[in-house]
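Participant: Sequence first, predicted coordinates after that:
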Amino acid sequence: MNRGSFLFVESNTTGTGELLMKQARVLGFETYLVTRNPARYPFLKDSVAQVIEAETRSPDELIGVAAKLSRLAGIYSSSDYFVEAASIAAMEMGLPAANSEAIATCRNKWKQAAELQRQSIMIPETWLATSVRDVENILAQATLPVVVKPVSGSGSSGVRLCDSAAAAVKAFESARGALLDQVDLASPDILMQQYVEGKEYSAEIIASDGTLHCLGILAKHKGPTPCFVEVGHDFPALLPEPSLRELASFATGAVSALGLNFGPAHVEFVITESGPVIIEVNPRLAGGMIPVMLSHALGTSILDMVIRLYAGEGFTPPRVGARAGAIRFALSQKSGKLKRLSFSRDPEPTVPEAGLLKSEGEQVQINGDFRDRVAYAIGVADELNVAVAAAQRMIDSIAVEIETANDETATTQVAGSSEGGWTLHPEAMKLLAPPIEISRDGRLLQYQATIDSAHLVMLADQGLISQGAAADLLTHIMDLEDEGFQSLQGRDAPRGLYLAYELEIAARAGPEKAGWLHLARSRNDLNATIALLALREAACSTSQQIGTLQDALLQRTEEASKLLAPLYSQYQIALPGSPGHYLLGVFFALARERQRLHCLLEDIRNCPMGAGAGGGTSMPIDPLKTADLLGFELPSFNSLDAVASRDHHLQGLSVFAGVSILLSRVAQDLQVWTTREFALVDIPNSLAGGSSMLPQKKNPFLLEHIKGSASTVIGAYVSAATATCKSPFSNSIETSNYGCSPMKLAEDALKRAITLTSLIVRFMSFNERSMRENLEDGSSMTAVAAERMASRGIPFRKAHTLIGEIAQRLSQDSCVTQRRSELSSQLADVLPASLEECRDALQFGGGPGKRSTNSQVFVAKALFRDMQLKCEDIRGRLARAEMHRKRKVKELIDKYRST
């Protein structure tokens with residue numbers, strides 16, 4: 001049966017693009033593919049479609065192509081980059097299509113974010129960057145980590161998680177060209193988003209006749225950071241049925257808000273502790289073989305649905321009672337020539353499909369996106385765990401062999417015969433030197449690459465190695481950085497991370513050149529420098545986060561200072577105060593901790609590089625140059641001090657512990673104040689939880705996380721101090737490993753506590769009525785009454801005793817009004833006439849009085865401004881050092897290439 005022509009505009013290079021064309025032919029359509037570059041599609045050799053060459057970025061040319069086809073039934077594109085052009089052409093030809101303006105809004109993720117935010121749909125905080133200066137300005141207000149991605153990208157191309165300013169700048173520069181080799185599109189505009197912690201999901205939606213149908217909610221699995229390569233999907237996501245319905249409604253709401261009223265949509269979101277957050281809405285069918293898996297699970301071809309929908313034949317939702325499905329992908333672990341790729345087992349009945357995405361003999365390149373996938377397997381069963389296990393078993397059976405350009409020398413020992421003679425016992429290796437995980441080790445590898453670039457520039461400038469060797473090594477190091485060190489993922493590291501890293505450099509540059517990398521240094525001064533870089537970054541980013549919390553405290557102070565609240569002493573009401581006075585107290589305590597962090601950062605002045613193993617080096621190096629390139633003021637004066645001392649880390653952990661203790665005390669107060677008995681503040685539902693058993697109960701559980709984080713930070717300090725105190729004053733594993741490794745644990749726990757405290761401060765509400773009711777009996781005003789008596793000549797102790805006796809005689813059985821009346825009648829000339837008068841009388845010594853509070857706010861704002869400027873000054877100094885180092889590296893490479 002010939003049902004007419006069906007025109008595809010460009011296509012995915014892998015996955016559903018080819019399958020859609022094949023399925024259209026099965027359904028009886030004469031299929032055409034219009035493309036500007038047929039060579040992009042190897043599957044065309046199988047004659048899946050007749051090829052028409054045209055400029056597919058031009059809707060007018062597409063319309064011209066479409067007008068020449070007889071009985072044209074539909075126009076569709078499975079490629080993110082051409083859905084808009086395909087929609088314009090379809091609308092012009094009077095064929096079914098989504099609104100092209102809505103598609104344009106979705107394809108431009110900056111416009112999409114603005115529209116979703118305008119319609120009050122939760123998204124991460126989002127910024128647009130068109131220059132490095134923009135990136136720097138954004139980082140001044142963002143909280144690390146951030147996500148950097150092209151405004152119009154797809155398939156995780158150019159998407160990177162950045163936990164430092166240096167990483168963000170590098171990701172920005174890389175993202176601008178991320179799409180050039182795929183679709184020949186530049187990306188001048190780059191999106192930066194606040195990283196959102198939580199489990200990732202997607203919703204697969206099809207719109208027809210103004211109705212949005214959610215086919216299902218899938219759980220998403222990602223590869224190691226800093227990349228966002230999807231390595232698996234589970235359907236349905238393991239969530240309660242009511243939650244799945246709510247998420248389907250949430251996702252369709254986002255699609256509707258963007259005006260997408262026709263065709264498929266792929267919605268990606270994260271479930272955070274405060275609810276779901278949209279990451280992006282894509283106006284197209286999902287990639288990553290998701291439609292194929294769903295087709296098997298639902299028992300209905302999703303591809304058929306889409307083709308028929310765009311051919312004007314309507315849409316019939318799939319039947320209820322689907323089975324479970326799972327997809328798992330295998331990723332290439334390094335770049336090179338694919339010598340072998342095959343499954344070593346046949347698919348089970350629970351694996352309806354498994355396939356290879358690359359061919360033997362093909363060159364593979366680590367890109368940090370969907371192109372890193374080499375194979376897939378789909379599992380389908382009645383139970384999700386069975387489907388997942390089946391898909392994973394198939395993927396685990398893959399035999400893959402990749403030959404790098406230097407494989408003949410890749411296994412040559414490069415660290416010296418003294419290292420080559422040691423082979424760690426397998427059981428010990430499993431415990432102490434596990435295979436490299438980029439999600440865990442990527443940060444340290446980045447520090448290593450940073451130090452290497454500074455060290456090589458210095459060696460070349462000193463004439464200790466040739467500029468050609470330095471330039472070549474620097475090029476390979478930059479390549480490794482750009483790849484996110486993915487070629488090291490899963491690599492054994494029997495002698496530690498550094499030697500595994502150096503072995504990879506040797507495989508790329510050759511062992512002879514790589515052998516110069518370790519001249520005039522040791523792992524001792526390397527580790528000491530890495531530790532200081534990590535501490536410096538942790539202190540800087542923590543200071544920024546404290547600034548965010550301080551800002552939240554100040555923003556709530558003005559409103560809260562006008563309210564009345566009990567001021568407690570030993571959990572007993574002492575005086576009338578205000579919530580603003582309390583918040584200011586926390587602000588000033590926090591400010592001192594932040595100042596200590598800034599003092600620590602100023603004190604990290606000496607760079608250990610050049611100290612070697614603790615005795616320096618005989619080579620005529622210039623350690624001041626290395627220090628300058630790494631953002632330090634000076635080299636170390638004493639080589640033993642450089643590799644032995646970890647006092648900066650202990651000081652940093654001490655400050656972290658101080659901040660966490662303060663936040664824990666605040667959380668303790670708030671937890672008490674949220675109880676029904678106190679009822680002074682309320683935490684919104686988005687920052688609280690319910691009880692699994694007690695329907696009436698509201699749990700402000702984030703406060704417990706804040707308090708619990710303090711134990712982690714304090715434990716980290718004790719662990720580091722204990723490891724250091726019995727070690728010799730030289731380099732040792734106790735100090736360099738166990739004395740420094742708790743820093744990351746403490747940093748993560750503290751940042752979690754700061755972020756949670758900031759959220760609660762911003763969104764908690766004050767129960768004005770309850771706060772006042774606790775003060776209405778007037779007993780809290782008696783201290784001021786005693787002081788007024790003292791001002792009239794009665795010794796304070798006598799006044800204190802007299803008023804104390806009066807207060808004790810008050811009947812606790814009488815009502816609040818009666819007790820207040822009794823006090824007023826006996827202390828009429830000294831008892832304040834109102835609670836506000838009493839509070840405002842407390843204006844000396846930093847009390848909560850109005851004049852005093854106004855003065856405190858003035859000082860707090862000035863202090864906050866100074867600390868923000870100080871933080872920016874420190875970050876600016878480090879950023880300038882980083883740019884200087886990058887410039888020197890580029891100059892060296894360019895100079896070598898020009899010769």
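Facilitator: Structure's in. What do you need?

Participant: and the next element down the chain from the helix or strand harbouring A254?
Facilitator: According to DSSP states H and E, A254 maps onto helix 241-257. Per DSSP H and E, helix 241-257 leads on to strand 263-272 as the next helix or strand towards the C-terminus.

Participant: any idea how far that following strand is from the chain center?
Facilitator: Centre-to-centre, strand 263-272 and its host chain are 18 Å apart (Cα atoms, centre = their mean, to the nearest Å).

Participant: now stretch 110-119
Facilitator: Chain-centre distance of stretch 110-119: 20 Å, with Cα atoms, centre = their mean.

Participant: Stretch 836-847 now?
Facilitator: Chain-centre distance of stretch 836-847: 45 Å, with Cα atoms, centre = their mean.

Participant: And for it, what's in contact with it?
Facilitator: Outside stretch 836-847, the residues that touch it by Cβ atoms under 8 Å, 6 or more residues apart in numbering are 564, 575-578, 581, 780-781, 784, 832, 848-852, 856. Heads up, the C-betas are built off the backbone N, CA and C, glycines and all.

Participant: Could you pick out the buried ones from those residues?
Facilitator: Neighbour counting by 16 or more other Cβ atoms under 10 Å classes 564, 575-578, 581, 780-781, 784, 832, 848-850, 852, 856 among these as buried.

Participant: Buried by neighbour count: which residues of the helix holding A254 qualify?
Facilitator: Neighbour counts over helix 241-257 (16+ other Cβ under 10 Å) mark 244, 247-248, 250-257 as buried.

Participant: Name the nearest of the contacts of stretch 836-847 relative to G484.
Facilitator: Using Cβ to Cβ, Q856 comes nearest to G484 of the contacts of stretch 836-847, at 47.2 Å.

Participant: Tell me, please, where in the stretch 201-350 of the chain the pLDDT is lower than the cut-off.
Facilitator: Along the stretch 201-350 of the chain, segments meeting pLDDT under 70 span 320-321.

Participant: before we move on, the earlier item: adding distance to A560, write the buried residues of helix 241-257 out as a markdown table.
Facilitator: Converted to a markdown table, the buried residues of helix 241-257 look like this (distance: Cβ to Cβ, whole Å):
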| residue | distance to A560 |
| --- | --- |
| L244 | 40 |
| L247 | 36 |
| A248 | 40 |
| F250 | 33 |
| A251 | 37 |
| T252 | 39 |
| G253 | 34 |
| A254 | 35 |
| V255 | 40 |
| S256 | 38 |
| A257 | 34 |
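
Participant: so after the helix or strand encompassing A460, what's the next helix or strand?
Facilitator: Using DSSP H and E, A460 falls within helix 438-461. Proceeding N to C from helix 438-461, the next assigned helix or strand is helix 467-482, under DSSP H and E.

Participant: same for that next one, what does it pack against?
Facilitator: The elements that helix 467-482 packs onto, with contact taken as 3 or more Cβ pairs under 8 Å, 6 or more residues apart in numbering; DSSP states H and E, are helix 165-175, helix 438-461, helix 497-509, helix 511-514, helix 850-898.

Participant: least reliable of those going by mean pLDDT?
Facilitator: Note on the helices and strands packed on helix 467-482: lowest mean pLDDT is at helix 511-514, with a mean of 81.

Participant: Can you check my assumption that A642 lies in a helix?
Facilitator: Yes - counting by DSSP: H, G, I helix; E, B strand; the rest coil, A642 is found in a helix.

Participant: For it, grab the count of nearby residues.
Facilitator: Counted with other Cβ atoms under 10 Å, residues neighbouring A642 total 26.

Participant: just S855 next, same as before
Facilitator: Counted with other Cβ under 10 Å, residues neighbouring S855 total 13.

Participant: and if you look at Q467?
Facilitator: 18.

Participant: thought it was touching I893?
Facilitator: No - judged on Cβ atoms under 8 Å, Q467 makes no contact with I893 at a distance of 9.5 Å.

Participant: can you give me the strands for the stretch 51-200 of the chain?
Facilitator: Under the criterion DSSP state E, counting those that start in this stretch, the stretch 51-200 of the chain carries strands at the ranges 72-76, 126-129, 146-150, 160-162, 190-194, 199-208.

Participant: for the fifth one, packing partners?
Facilitator: What it means is strand 190-194. Helices and strands touching strand 190-194, by 3+ Cβ pairs under 8 Å, 6+ apart, are helix 109-118, strand 126-129, helix 132-141, strand 146-150, helix 165-175.

Participant: Need the winner for burial among those.
Facilitator: Across the helices and strands packed on strand 190-194, the average number of neighbours (mean count of other Cβ atoms under 10 Å) peaks for strand 146-150, which reaches a mean of 25.

Participant: tell me the mean pLDDT for that strand?
Facilitator: For strand 146-150, mean pLDDT is 92.

Participant: Tell me which of the helices and strands packed on strand 190-194 sits nearest to G263.
Facilitator: G263 lies closest to helix 109-118 among those, at 16.1 Å (Cβ to Cβ).

Participant: Give me the next element, helix or strand, following the helix or strand in which V713 is found.
Facilitator: Assessed by DSSP H and E, V713 sits inside helix 702-725. Per DSSP H and E, helix 702-725 leads on to helix 733 as the next helix or strand towards the C-terminus.

Participant: Going by neighbour count, which residues in the helix or strand following that next one are buried?
Facilitator: The helix or strand immediately downstream of helix 733 is helix 742-763, counting by DSSP H and E. Neighbour counts over helix 742-763 (16+ other Cβ under 10 Å) mark 742-743, 746-747, 749-762 as buried.

Participant: any idea of the angle helix 742-763 forms with helix 702-725?
Facilitator: Inter-element angle recorded for helix 742-763 and helix 702-725: 160 degrees (by axes from the mean of the first three to the mean of the last three Cα atoms, to 10 degrees).

Participant: partners of the next helix or strand after helix 742-763, with directions?
Facilitator: Remark: after helix 742-763, the chain's next helix or strand is strand 765-766, criterion DSSP H and E. Paired strands of strand 765-766, with direction, are strand 681-682 (antiparallel) (DSSP bridges).

Participant: what does the strand it pairs with rub up against?
Facilitator: Strand 681-682 is contacted from outside by 579, 670, 673-674, 764-767, using Cβ under 8 Å, 6+ apart.

Participant: moving C-terminal of it, what's the next helix or strand?
Facilitator: With secondary structure assigned by DSSP H and E, strand 681-682 is succeeded by strand 689-690.

Participant: Check the secondary structure at Y568 for me.
Facilitator: strand.

Participant: measure the closest residue to it other than its chain neighbours to L298 for me?
Facilitator: Take Y568 and drop its neighbours on the chain: the residue closest to it by Cβ to Cβ, 6 or more residues apart in numbering is A574, 6.1 Å away. Separation of A574 from L298 (Cβ to Cβ, to the nearest Å): 65 Å.
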